[in-house]
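K.L.:
Dropping the sequence and predicted coords here.
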Amino acid sequence: MTAAAPRTQLLDRGVEQAMSALSAAAKKGLGDPALAELVMIRASQINHCAFCLDMHLKAARRTGESEDRIQLLGAWEETEDLYTERERAALALTEAVTVLTDGFVPDEVYERAAKHFDEAGLAHLIGLISVINGWNRLMVGRRVPPGGYRPGGHQP
Amino acid sequence: MTTTANNDRKTSTENSPEYAPERSPRLAWAKHAPEVYKAMVRLDAAAREGVDPKVLELVKIRASQINHCALCLDMHTKDALAAGESVERIIQLSAWEESRHFYTEKELAAIELTEAVTVLTDGFVPDEVYEHAARHFDEAELAQLIAAITVINAWNRFGVTCRMAPGHYTPGQYK
């Protein structure tokens, strides 16, 4: 079976630059590259974005993330020892903010995150979740195939 | 119509049941992440280029309905009304499949694509939805439309997560 052809590779230069700037600002403000990759992988799993999964799995491995933590991310709630409380709070927030269609972001999820992140950290974390949701939409919508990303290359 | 939503609410409160109190926002995210906010504004400007303003407001309202973003609904319904959109077309938007005759085929294709790109969690963007859109928009327009849908989805996430309060927007406030 061959991979589906991309629908369009077109992306306005201004949109691409603004998206990259947005990603960079959110990541820098969060100041935790390992957590950023976990958040981006989890959102991309939920949104079924092959391009983003390929990219962020490679990026996570390159930064030395453990294979266990990558593989079990989809079941983080059932894996007590692999992720810190702070990471678990961020992952719970990632899921709630990604699946808005089921209704809002529960108070307990928000408050759990607010216990582990100060206001600036939280604002940047929400920014990062929003921007990876953005990339997921741009890539799934245009059906950009996975595999094009090389670690250390373009960094959305 | 010259009254604001706030005045309307005040008047109603005087003669009818008391409304629930307004909840305060969880987080002033733009204040705590100013660079992220600036980048969002730049992204918004880049993504709206080349998209028909009427279609754009319908797209923004529909995505905000699906994502339940009160602030974005407040903003984009008011902007749409101020730009001359009809109350009927705004009201019918959440039931557009049953009220297709309120919209052009091109608008319907854009709304359909908006739903598919907004609800990614149910799985992908169906070929027929994409192809329907591709019959009404050329490739560059389609790329911009997807970008515009992406951007309102991002605003929705900030609005809902930070629980930004609706009711205070006046049309054109951020333009």
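P.N.:
Thanks, I have it.

K.L.:
secondary structure element for the residue nearest to the spatial centre of chain A?
P.N.:
With distances taken as Cα atoms, centre = their mean, A:Met40 lies nearest the centre of chain A, 1.3 Å away. Assigned by DSSP states H and E, A:Met40 falls within helix A:33-46.

K.L.:
isn't A:Ala43 right up against A:Thr98?
P.N.:
Yes: between A:Ala43 and A:Thr98 a contact is recorded at 4.9 Å, counting by Cβ atoms under 8 Å. Heads up, the C-betas are built off the backbone N, CA and C, glycines and all.

K.L.:
Pick out whichever of the two has more residues nearby.
P.N.:
Relative neighbour count places A:Ala43 above the other of A:Ala43 and A:Thr98, with 29 against 23, counting by other Cβ atoms under 10 Å in any protein chain shown.

K.L.:
Just give the nearest non-adjacent residue to that one, would you?
P.N.:
Ranked by Cβ to Cβ, 6 or more residues apart in numbering or on different chains and with sequence neighbours excluded, the top spatial neighbour of A:Ala43 is A:Ile132, at 4.5 Å.

K.L.:
Alpha carbons only: can I get the helix or strand where that neighbour lies in CSV?
P.N.:
Assigned by DSSP H and E, A:Ile132 belongs to helix A:119-142. Taking C-alpha atoms only, helix A:119-142 is exported to CSV below (Å, rounded to 0.1, in the frame of the first residue of the first chain):
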residue,chain,number,x,y,z
GLU,A,119,0.7,32.0,35.7
ALA,A,120,3.4,32.6,33.1
GLY,A,121,4.2,28.9,32.8
LEU,A,122,0.5,28.1,32.4
ALA,A,123,0.0,30.8,29.8
HIS,A,124,2.8,29.4,27.7
LEU,A,125,1.7,25.8,28.2
ILE,A,126,-1.8,26.7,27.0
GLY,A,127,-0.1,28.5,24.1
LEU,A,128,2.0,25.4,23.2
ILE,A,129,-1.1,23.2,23.3
SER,A,130,-3.0,25.6,21.1
VAL,A,131,-0.2,25.9,18.6
ILE,A,132,0.4,22.1,18.3
ASN,A,133,-3.3,21.8,17.7
GLY,A,134,-2.8,24.4,15.0
TRP,A,135,0.0,22.4,13.3
ASN,A,136,-2.1,19.3,13.6
ARG,A,137,-5.0,21.0,11.7
LEU,A,138,-2.7,22.4,9.0
MET,A,139,-1.0,19.0,8.4
VAL,A,140,-4.1,16.8,8.6
GLY,A,141,-6.3,19.3,6.6
ARG,A,142,-3.7,19.4,3.8
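
K.L.:
now that helix against helix A:33-46, angle please.
P.N.:
40 degrees (axes from the mean of the first three to the mean of the last three Cα atoms, to 10 degrees).

K.L.:
can you pull the buried residues of helix A:119-142?
P.N.:
Within helix A:119-142, the residues that count as buried by 16 or more other Cβ atoms under 10 Å in any protein chain shown are A:120-142.

K.L.:
Ranking helices and strands of chain B by mean pLDDT, which lands last?
P.N.:
Taking mean pLDDT, DSSP states H and E as the measure, helix B:5-15 is the helix or strand of chain B with the lowest mean score, a mean of 53.

K.L.:
Quick check: next helix or strand after that helix?
P.N.:
Scanning forward in sequence from helix B:5-15 by DSSP H and E, the next helix or strand is helix B:29-32.
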